[in-house]
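Colleague: Sequence and computational prediction follow.
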Amino acid sequence: MTKYLLEGATLPDGAKCQILISGGVIVAMEESILHPDVSSARRIDLGGAIALPGLVDLHTHLREPGREDSETVASGSRSAAVGGFTAVSAMANTFPVADTAGVVEQVFRLGQAAGLCDVFPIGAVTQGLAGKALAELGAMADSEARVRIFSDDGNCVFDPMVMRRALEYVKKFDGVIAQHAQDPSLTVDAQMNEGSVSSKWPSVAEEAIIARDVLLADHVGSRVHICHLTTAGGVDIVRWAKARGIQVTAEVTPHHLLLTDECANSFDPIYKVNPPLRAESDVMALREGLADGTIDIVATDHAPHPAESKECEWSAAAFGMIGLETALSIVQLAMVDTGLLSWSQVADRMSHAPARIGRYADHGQPIAIGSTANLTFVNPSLAWRVDRDLVLSRSKNTPFHGMELPGKVIATFFRGEPTVLDSILVRGPRAI
Amino acid sequence: MRHLLSASDLSYTEALSILDTAAQMARVSDGPIKKLPTLRGRTIVNLFFEDSTRTRISFEAAAKRLSADVINFSAKGSSVSKGESLKDTAQTLQAMGADAVIIRHSASGAPQRLADSEWTSGVVINAGDGTHEHPTQALLDAFTIRKHLKVGVGDLSGLTIAIVGDILHSRVARSNVILLSLLGAQVILVAPPTLLPLGVENWSAQISYDLDAVLPHVDAVMMLRVQQERMNDFFFPTAREYSHYFGLNSDRLALLKKSAIIMHPGPMNRGLEITAACADSARSVIVEQVANGVSVQMAVLYLLLAGAPNENVESGEVLS
């Protein structure tokens, strides 16, 4: 394996140092490294960029198997790498559904073959995401993919008894249920946040499920993770649950930290997403929740769709937006540049904490000697314009097209090898 | 104003100008020759993705009285029923040289989508989209109210108008609240709380749950259709109870001022939101609303198209 001497990096706390990588591991970190490997190492100048532990996404739709027209594990991995991610979590709502050991192993191996980041499959909670009978959670956990996160994302595990059983069962292998909190009978045909036009997607449909599930998690002593929190009330419930000592974690998406339901007034389905964009007061509560740690992590909910699924009237369009390549910039814009998060806290919300929740041992480690060299370097003073025609995702459904965003990922290192240098994807250690 | 997508596209002056133009158009319709040559050579497409009788027919009549060529397109039996997208349909119409597209669609925002896209360069007129808006209905209602209560001139200031029924799902109510208040009228929305949208307190209208208390104060009462499917969705317990509290009947007719008029955008559920006696009473202007619709739609087509460049004629000149 090549050795790398990374020069001109700034640690999240502001300290400047060189980082020496050898054998996929950080072997030295000093202002000026004196180490026998220095002379043979390839020198890379990072120009003062901030070093972050490689970003970890707990909520990624990679669409393979089944919808390779919108994304594949390989194309999603490329998108992840340029976005600064070294691990992503492939959601289970594929065709076929990732509800057996066979499907999760397939996705895991496709990720290994792409070789640009770790692709950790999320297993379905129930067979076929139907919400009725538990999928073979144990078999998926024991498979080569070592699944620890289970989710019916896209659907809510609505039956409280099914949810209770799932929460209990995954204790066997320290798993977690990631709930898509949406009461289905309160959101029949729902299209937008209730409060704007043609609306009936009330906040309470999300909050009622969150409240129920933190109580269930408390009752059975299990871990529950709330996917894409969007409402101020939901933040309050999670805050209350954490104060009670309930093992709940929660995520927020970049788009819900920035966009409001005002966007939906244009009826441009690029803004159609599940859960919907909410009011400005919700956005502010989400930012506050992420800042104070009530919301543990940022997760992209990267949801690729082909052009024809968005080039239509609102109600006919698909829900979702891509997000891997813009996530860090949006977090800088909404959280860092507003003074709500430090870069050390960004490292926590986008790497340490998600790796902890997913039990991804090689990820989210501190930037320190002995750690696996999963690293992301971002230049926060470099602004760039989002161009949907330049994304590496196979789909172009970004709501940020044309926007100038702060902060550019300069380099990404995955297990000691660069996947991105000078903001450009370099071929991974294994063929794509 | 290039398109008419929402009542909120209209300024006070533009709204009055449409009503004044509609009054002139009404005189044409009343005359011996019901036709003007204004839009000769223009192609107007009635693009109806949702069933409609009166709106489609009246737009067709309006376009024909202005001598335009009219193409009627309804989703049933067309390529749309075979799964063709809105984009492809719009581009097909564009290729046929449509100068204006009058669109009715079950999806809120579909007309705006059409207008904002590059799929068609024609003028887009919203003839009702989902639960969003129906601006020409609001214009014809304003025209009707003005004709009866303001001798056909000026705005609607000083008038109080009640809109009664399913406000939640009503595009007619949304457009009317915007337009009638723009023209100076006071609007009162009367409905059970289940049929009022969340955030309705931010609309420029008063809210009441009590029809009997409201009726003595209004100059016009507009009854909205209660859709059959609402009854299965727990919006109210039974049709009988709905009629009891929110239906217009002879007893309630007696509460109205002598000058007050009764309106309904149609189609009516006689016996549910309005009794036959009320619908057919001397105060009812429901049939006249339809006739006024043609005049208002002629005015809208005239104002949007007569001033706009005639692309087909221009390209024809280039070819010759």
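Modeller: Great, that's in hand. Numbering: from 1, shown residues only, chains lettered A, B, ... in the order given.

Colleague: give me the residue from the stretch 1-150 of chain A nearest chain B.
Modeller: Proximity of the stretch 1-150 of chain A to chain B (Cβ to the nearest Cβ) peaks at residue A:69, 16.0 Å away. In short, each C-beta sits where N, CA and C put it, glycine included.

Colleague: Could you do chain A as well?
Modeller: Residue nearest to chain B within chain A (Cβ to the nearest Cβ): residue A:267, separated by 2.8 Å.

Colleague: mind checking how far that residue is from residue A:310?
Modeller: Distance, residue A:267 to residue A:310, by Cβ to Cβ, to the nearest Å: 12 Å.

Colleague: Looking at these two, which has the bigger crowd around it?
Modeller: Under the neighbour definition other Cβ atoms under 10 Å in any protein chain shown, residue A:267 and residue A:310 were set side by side, and residue A:267 has more, 28 against 21.

Colleague: Low-confidence regions, the stretch 51-200 of chain B specifically.
Modeller: Applying pLDDT under 70 to the stretch 51-200 of chain B flags the ranges B:77-83.

Colleague: For it, what lies in contact range of chain A?
Modeller: By the rule Cβ under 8 Å from any Cβ of the partner chain, the part of the stretch 51-200 of chain B lying against chain A is B:85-87, B:105-110, B:112-113, B:116-117, B:130-132, B:197-199.

Colleague: just checking, the residue of chain A closest to chain B touches residue A:312?
Modeller: No - between residue A:267 and residue A:312 no contact is recorded; they are 10.8 Å apart, counting by Cβ atoms under 8 Å.

Colleague: what do these two both touch?
Modeller: Overlap of the contact sets of residue A:267 and residue A:312 (by Cβ atoms under 8 Å, 6 or more residues apart in numbering or on different chains) consists of residue B:113.

Colleague: nearest residue to residue A:355 other than its sequence neighbours?
Modeller: Distances taken as Cβ to Cβ, 6 or more residues apart in numbering or on different chains place residue A:364 nearest to residue A:355, at 2.7 Å, with adjacent residues excluded.

Colleague: Check whether the helix or strand hosting residue A:242 comes near chain B.
Modeller: Using DSSP states H and E, residue A:242 falls within helix A:232-243. No - against chain B, helix A:232-243 shows no contacts by Cβ under 8 Å from any Cβ, the least distance being 14.4 Å.

Colleague: ok, so what distance separates the residue most central in space within chain B from residue B:264?
Modeller: Of all residues in chain B, the one closest to the mean position by Cα atoms, centre = their mean is residue B:137, 1.5 Å from it. In this view, residue B:137 and residue B:264 are 11 Å apart by Cβ to Cβ.

Colleague: same deal with residue B:132?
Modeller: 20 Å.

Colleague: ok, those two, which is more surrounded?
Modeller: Remark: of residue B:132 and residue B:264, residue B:264 carries more neighbours, 26 against 23, as counted by other Cβ under 10 Å.

Colleague: which ones are touching the more buried one?
Modeller: Counting by Cβ under 8 Å, 6+ apart, residue B:264 touches B:222, B:223, B:224, B:225, B:273, B:274, B:279, B:284, B:286, B:289.

Colleague: Looking at these, spot the one nearest residue B:17.
Modeller: Distance to residue B:17 across the contacts of residue B:264 (Cβ to Cβ) is lowest for residue B:289, with 20.6 Å.

Colleague: That closest one: neighbouring residues, count only.
Modeller: Residue B:289 has 24 neighbouring residues, counting by other Cβ under 10 Å.

Colleague: how close does it get to residue B:266?
Modeller: 8 Å.

Colleague: same question, residue A:43
Modeller: 79 Å.

Colleague: same thing with residue A:234?
Modeller: To residue B:266, residue A:234 is 43 Å away according to Cβ to Cβ.

Colleague: count of residues packed around residue B:120?
Modeller: 23.

Colleague: Run through who's touching stretch A:419-428.
Modeller: Outside stretch A:419-428, the residues that touch it by Cβ under 8 Å, 6+ apart are A:44, A:78, A:81-82, A:84, A:86, A:114-117, A:392, A:408-414, A:417-418.

Colleague: sorry, back to before: in contact with the residue nearest to the centre of chain B: list those residues for me.
Modeller: Neighbour list for residue B:137: B:55, B:128, B:171, B:172, B:175, B:176, B:265, B:293 [criterion: Cβ under 8 Å, 6+ apart].

Colleague: what's the span of stretch A:139-146 from first residue to last?
Modeller: With Cα to Cα, to the nearest Å as the measure, stretch A:139-146 spans 9 Å from end to end.

Colleague: cool, stretch A:399-419 as well?
Modeller: One end of stretch A:399-419 sits 26 Å from the other (Cα to Cα).

Colleague: Stretch B:39-59 now?
Modeller: Start-to-end, stretch B:39-59 (Cα to Cα) is 14 Å.

Colleague: Just the buried positions in it, please.
Modeller: Neighbour-count burial for stretch B:39-59 flags B:39, B:42-50, B:52, B:55-56, B:58-59 (criterion: 16 or more other Cβ atoms under 10 Å in any protein chain shown).

Colleague: Going by length in residues, pull out the top helix of chain A.
Modeller: Determined from DSSP state H, the single longest helix within chain A is helix A:203-220.

Colleague: Give me the contacts around whichever helix or strand comes after that one.
Modeller: Downstream of helix A:203-220, the next assigned helix or strand under DSSP H and E is strand A:224-226. With Cβ under 8 Å, 6+ apart as the test, strand A:224-226 has contacts from A:58, A:149, A:167, A:176-179, A:181, A:210, A:213-214, A:216-217, A:234, A:238, A:247-251, A:357.
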